[in-house]
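Engineer: Structural data only, the sequence is not supplied:
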Ligand code: GLY
């Protein structure tokens, strides 16, 4: 169960965020509205939400998930692979010190973004991507081992972050799409297949038995409901324009 979440309000400079989406420039006012709805959805799932103020220095700073990996035993401050995001970690370290006694960090030349890391109980799948390198993944695995947890790596071919293509929804249920569907290491899960035309919705979040799903993907929503979950839809279209999804918008712990 999660009791807490951390989010950061979108900044006006989000229009300068990194993107490959080709969906146009995000509308800041709409993003602010959508972000408030996202916070409400988290609260409806029973978590206490810490809301950080917008940071105009970092256009992508609304995507707080990438800068820290939160585990039951420690927090790991990452070292984002995107140059324009590296400065986001300093403030996050201060904030997490209020919640965690054990704070570790990834050091250069290791890079990692936690959008590339999926927790399944005490095991963590780590995507090797343009943002997370082998050295970063090795550092994460060493830290996890130190606290009695484990990690393994997965090489990404097409997607930005590992969790662009998969979300663990507890109870052995794994929402999965595209390049990951046939990978042997995921066949032990009950795979909730996401169709290519709804692939964006693979990034959804389990929060205390409810799954928050992006608005506008009816087939995925039906699949998740059929697997036994209550769902809450949140429109995150403005964040999608920056390659961001539901999970990227919060740290849940
Ligand atoms: N725009 C989010 C990211 O690239 O990290």
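Structural biologist: Everything's here; your move. Not measured: the values here are computed from a predicted model.
Engineer: Against the ligand, how distant is the residue lying closest to residue 158 once chain neighbours are set aside?
Structural biologist: Closest residue to residue 158 apart from its sequence neighbours, by CB to CB, 6 or more residues apart in numbering: residue 179 at 5.5 Å. Yep, even glycine has a C-beta here, placed from its N, CA and C like the rest. Distance, residue 179 to the ligand, using CB to the nearest ligand atom, to the nearest Å: 19 Å.
Engineer: The residue of the stretch 101-250 of the chain found nearest the ligand: neighbouring residues, count only.
Structural biologist: Here the stretch 101-250 of the chain gets closest to the ligand at one residue, residue 242, 3.9 Å apart by CB to the nearest ligand atom. Number of residues near residue 242 (other CB atoms under 10 Å) recorded here: 25.
Engineer: my read is it is in a strand, agree?
Structural biologist: No: counting by DSSP: H, G, I helix; E, B strand; the rest coil, residue 242 is located in no strand; its state is coil.
Engineer: Tell me the buried residues in stretch 217-226?
Structural biologist: Using 16 or more other CB atoms under 10 Å as the test for burial, stretch 217-226 gives 217, 220-221, 223-224.
Engineer: make that stretch 118-127, sorry
Structural biologist: For stretch 118-127, by 16+ other CB under 10 Å, it's 118-119, 124-127.
Engineer: Going along the chain, name the helices of the stretch 1-150 of the chain.
Structural biologist: Along the stretch 1-150 of the chain, counting by DSSP state H, counting those that start in this stretch, helices occupy 28-44, 89-96, 134-146.
Engineer: Could I get those in a markdown table, plus columns for distance to residue 111 and mean neighbour count?
Structural biologist: A markdown table is the format used below for the helices of the stretch 1-150 of the chain (distance: least, CB to CB, whole Å; neighbours: other CB atoms under 10 Å):
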| stretch | distance to residue 111 | mean neighbour count |
| --- | --- | --- |
| helix 28-44 | 27 | 17 |
| helix 89-96 | 11 | 16 |
| helix 134-146 | 5 | 18 |
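Engineer: Let me have those helices in a markdown table, extended by mean pLDDT.
Structural biologist: Below are the helices of the stretch 1-150 of the chain laid out as a markdown table (pLDDT from 0 to 100):
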| stretch | mean pLDDT |
| --- | --- |
| helix 28-44 | 98 |
| helix 89-96 | 96 |
| helix 134-146 | 98 |
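Engineer: for those helices, which one sits closest to residue 228?
Structural biologist: helix 28-44 (18.2 Å; CB to CB).
Engineer: Check what contacts the closest one and list those residues.
Structural biologist: 5, 7, 9-10, 12, 14-15, 49, 51, 62, 207, 210, 212, 232, 234-239, 246, 249-250, 252 (CB atoms under 8 Å, 6 or more residues apart in numbering).
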